[in-house]
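Enquirer: sequence unknown, structure follows:
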């Protein structure tokens, strides 16, 4: 039995040491990457990038930057000793002398923990002090500890006495007790308050502040709480309660009677819940399955063809303004929503301060992704189309309650780290916390491989409640289910066979087998497809060379012979993006294809909109219901949404029908 026990201990020891080595190795690999970033970014920019771009805890991000800057020359020693993250953080935060001493001990084979680092720090400090300095410091620290103990004891005594006082107040019921009993209780309350008052003053001090000034203080301010408690104890000690005084410091109105009620005044200085408790336990509300009637406001940059706009509309947001540079995309927005305030022009020329007084709930921007696209040149900040910092400027000038900026995953490429870090730093300077959310269109029922990242920002009080939308992998669909009816629209007999093949298509991803072919990412590139892109689509049964004018016909299939690959019409592309069939597009073929390819699937807009709405309002949603509710039909076009008149930055209705008709006829 002893041999078996020793064998088990030996194996466990080896396994744990191996795991410690692996953890330590990975910690230093991360540190090396952080050090590489530091060659191009300031420490603040690196921290912001790690936090938002890599979804790292902010405190850990700061620690890695410090570790990279202070311990990179000691990597080998620390790796060999299998030093873990808490000790690395403590070392990085220590003075150079402490760090050198601890590193020397580790090199000699000592096992060092956080307390050991603190002990070395104290020892080195004492060595620099004279005997008199040490005696003085030790004496002062001893007195400080004693004072803290006595203060804690005094606070506990006040806690106990206030609890007893509240209990006495609860028993004082003039309407239901005898006069003798009333007098006894009144005297007991006055006596308890009289003995409590000097203890309170000795611990918290006197707070002789006029009541009007106290009530004007923020409700969470500690000075307000202590001033009200002092005033209540003083009033009770003086016998100013019951009868004409009732049970409040100020009976002038119901509101002041409530906030200056003795119970309310005394509750902050005791851990015991008052016997008369008007509060109730807040029951968590069940998730909503439909939107509340309340509408939230949104300003959108680079609105494009309206994918994000449509999704946000379904999440209960009303647009104050939608900015779009492309005239055909702007016409698409007006065509489908004539009463939206579509502002056509370059956002770089817009003064967003005009929206600051509107209390904008949400600022959203699908800023150009071409500068960061993996398939493109990836010029980043050097691309003239880049508007990342314009998004930060809009946040700074509008000061919305929340913002969302959508882009491609290529933005997270290391070559763009300095630019992204600058962007995130500017957002933080405006007072926002930023979370990065990665969303897969296929997890929301879109038959397309489309990954997008969204930078979501809010003030701390709202960000604490923010939760990214859930994924629904069980909603996975495929090209066959989505496109079969459109493929068969012109009589192609092979449409069903084509759709069935797409349904039975097997995909293996990360060792997991999934059934059903998803479309490759629908892009908005003008002209023909690239070779690799064409090959990806061909594998999925589609010729992506150009946009088809109409659904495939049997004649086309017969002419092509075996292996016929149908092309996608604009409507097919739009459906793969999740646009409803009634959403029309303005412009020529290339313009429409570009609009569709650049769009955000509406369901992504709706999902992230609901998540932001939930954080801002406290309403939780059952996404499994709300995301699958039917989209509103076009009849809504005849009803003007409730926009304020002064939010109409541009004339929308004048000549709109004629202009859009011209664009549809003459898209050039």
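Expert: Perfect, thanks for sending it. Please read these numbers as outputs of a predicted model, since none were measured by experiment. Numbers count the residues shown, from 1 in each chain.

Enquirer: Now do residue 322: how many residues are near it, please.
Expert: 26 (other Cβ atoms under 10 Å). Every C-beta, even on glycine, is put in place using the N, C-alpha and C of the backbone.

Enquirer: Equivalent analysis for residue 308, please.
Expert: So residue 308, with other Cβ under 10 Å, has 29 neighbours.

Enquirer: now swap in the one 3 residues further on and tell me
Expert: Burial measure for residue 311: 25 neighbouring residues, criterion other Cβ under 10 Å.

Enquirer: so what pLDDT did it get?
Expert: Here the pLDDT value assigned to residue 311 is 96.

Enquirer: list the contacts for it?
Expert: If you count contacts by Cβ atoms under 8 Å, 6 or more residues apart in numbering, residue 311 has them with 600, 601, 602, 603, 604, 605, 606, 607, 608, 609.

Enquirer: now with 6 Å?
Expert: 602, 605, 606 (Cβ atoms under 6 Å, 6 or more residues apart in numbering).

Enquirer: my guess is the last one contacts residue 315, does it?
Expert: It stands for residue 606. Yes: counting by Cβ atoms under 6 Å, residue 315 is a contact partner of residue 606 at 4.9 Å.

Enquirer: coming back round to it: name only those of the contacts of residue 311 that count as buried.
Expert: 602, 605, 606 (16 or more other Cβ atoms under 10 Å).

Enquirer: quick one, what contacts the first one?
Expert: It refers to residue 602. 307, 310, 311, 578.

Enquirer: and it, what pLDDT?
Expert: As predicted, residue 602 sits at a pLDDT of 97.

Enquirer: Which pLDDT does the model give the residue nearest to residue 438 when sequence neighbours are not counted?
Expert: With sequence-adjacent residues excluded and distances taken as Cβ to Cβ, 6 or more residues apart in numbering, residue 438 is closest to residue 453, at 5.4 Å. Looking at residue 453, its pLDDT is 93.

Enquirer: now for whichever strand or helix holds residue 453, which elements pack on it?
Expert: Counting by DSSP states H and E, the element that carries residue 453 is strand 451-458. Helices and strands touching strand 451-458, by 3 or more Cβ pairs under 6 Å, 6 or more residues apart in numbering; DSSP states H and E, are strand 402-407, strand 433-440.

Enquirer: and which of the buried ones among the contacts of residue 311 is nearest residue 37?
Expert: residue 605 (31.8 Å; Cβ to Cβ).

Enquirer: sorry, back to before: between the helices and strands packed on strand 451-458, which gets nearest to residue 10?
Expert: Taking Cβ to Cβ, strand 433-440 is the member of the helices and strands packed on strand 451-458 nearest to residue 10, at 43.0 Å.

Enquirer: pLDDT averaged over that closest one - what is it?
Expert: On average, strand 433-440 scores 93.

Enquirer: And that strand, what's buried?
Expert: Using 16+ other Cβ under 10 Å as the test for burial, strand 433-440 gives 433, 434, 435, 436, 437, 439, 440.

Enquirer: what do you get for stretch 198-215?
Expert: By 16+ other Cβ under 10 Å, the buried positions in stretch 198-215 come out as 200, 203, 204, 207, 209, 214, 215.

Enquirer: List the ones among the contacts of residue 311 that fall in helices.
Expert: 602, 605, 606 (DSSP state H).

Enquirer: Which one of the residues you listed is nearest to residue 549?
Expert: Lowest distance from residue 549 to the ones in helices among the contacts of residue 311 (Cβ to Cβ) belongs to residue 602, with 25.0 Å.

Enquirer: SS state for residue 491?
Expert: coil (DSSP: H, G, I helix; E, B strand; the rest coil).

Enquirer: on that earlier part again, what is the nearest of the contacts of residue 311 to residue 401?
Expert: Nearest member of the contacts of residue 311 to residue 401, counting by Cβ to Cβ, is residue 605, at 17.4 Å.

Enquirer: From what I see, that closest one and residue 312 are in contact.
Expert: Yes: Residue 605 lies in contact with residue 312 (Cβ under 6 Å); the separation is 5.2 Å.

Enquirer: care to break this structure down by domain?
Expert: 2-127, 148-269, 296-465+606-665, 479-517+523-576 (automatic domain parsing).

Enquirer: Give me the below-cutoff pLDDT ranges for the stretch 51-200 of the chain.
Expert: Low-confidence segments of the stretch 51-200 of the chain, defined by pLDDT under 70, span residues 174-177.

Enquirer: quick check: longest helix of this structure.
Expert: The chain, longest helix under DSSP H: helix 131-171.

Enquirer: Can you tell me what sits against the strand holding residue 453?
Expert: So strand 451-458 is contacted by 402-407, 409, 427, 432, 434-440, 608 (Cβ under 6 Å, 6+ apart).

Enquirer: Would you mind listing the buried residues in it?
Expert: 452, 453, 454, 455, 456, 457, 458.

Enquirer: Report the separation between the fourth one and residue 428.
Expert: Taking Cβ to Cβ, to the nearest Å as the measure, residue 455 and residue 428 are separated by 12 Å.

Enquirer: confidence score at residue 534?
Expert: In this model, residue 534 carries a pLDDT of 89.

Enquirer: hang on, it in a helix?
Expert: Yes: counting by three-state DSSP, residue 534 is located in a helix.

Enquirer: Spatially nearest residue to it, not counting backbone neighbours?
Expert: Nearest one to residue 534, counting by Cβ to Cβ, 6+ apart, is residue 544 at 5.7 Å.

Enquirer: Next secondary structure after whatever helix or strand residue 9 lives in?
Expert: Per DSSP H and E, residue 9 falls inside helix 2-38. Toward the C-terminal end, the helix or strand that comes next after helix 2-38 (DSSP H and E) is helix 43-48.

Enquirer: in whatever helix or strand comes next after that following helix, what's buried?
Expert: Proceeding N to C from helix 43-48, the next assigned helix or strand is helix 58-70, under DSSP H and E. Using 16+ other Cβ under 10 Å as the test for burial, helix 58-70 gives 60, 61, 62, 63, 64, 65, 66, 67, 68, 70.

Enquirer: mind putting those in TSV, distance to residue 506 included?
Expert: Output for the buried residues of helix 58-70, formatted as TSV (distance: Cβ to Cβ, whole Å):
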residue	distance to residue 506
60	40
61	41
62	46
63	45
64	41
65	45
66	48
67	45
68	44
70	51
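
Enquirer: Let me know the closest of those to residue 358.
Expert: residue 61 (34.3 Å).

Enquirer: Could you tell me how far the spatially closest residue to the closest one that is not a sequence neighbour is located from residue 588?
Expert: Nearest residue to residue 61 in three dimensions, chain neighbours excluded: residue 50, at 3.8 Å (Cβ to Cβ, 6+ apart). For residue 50, the distance to residue 588 equals 44 Å [Cβ to Cβ].

Enquirer: So for those two, which sits in the more crowded spot?
Expert: For residue 50 versus residue 588, the count of surrounding residues by other Cβ under 10 Å is larger for residue 50: 25 against 15.

Enquirer: Need the pLDDT of that one.
Expert: At residue 50, the model reports a pLDDT of 85.

Enquirer: what does residue 24 give?
Expert: 89.
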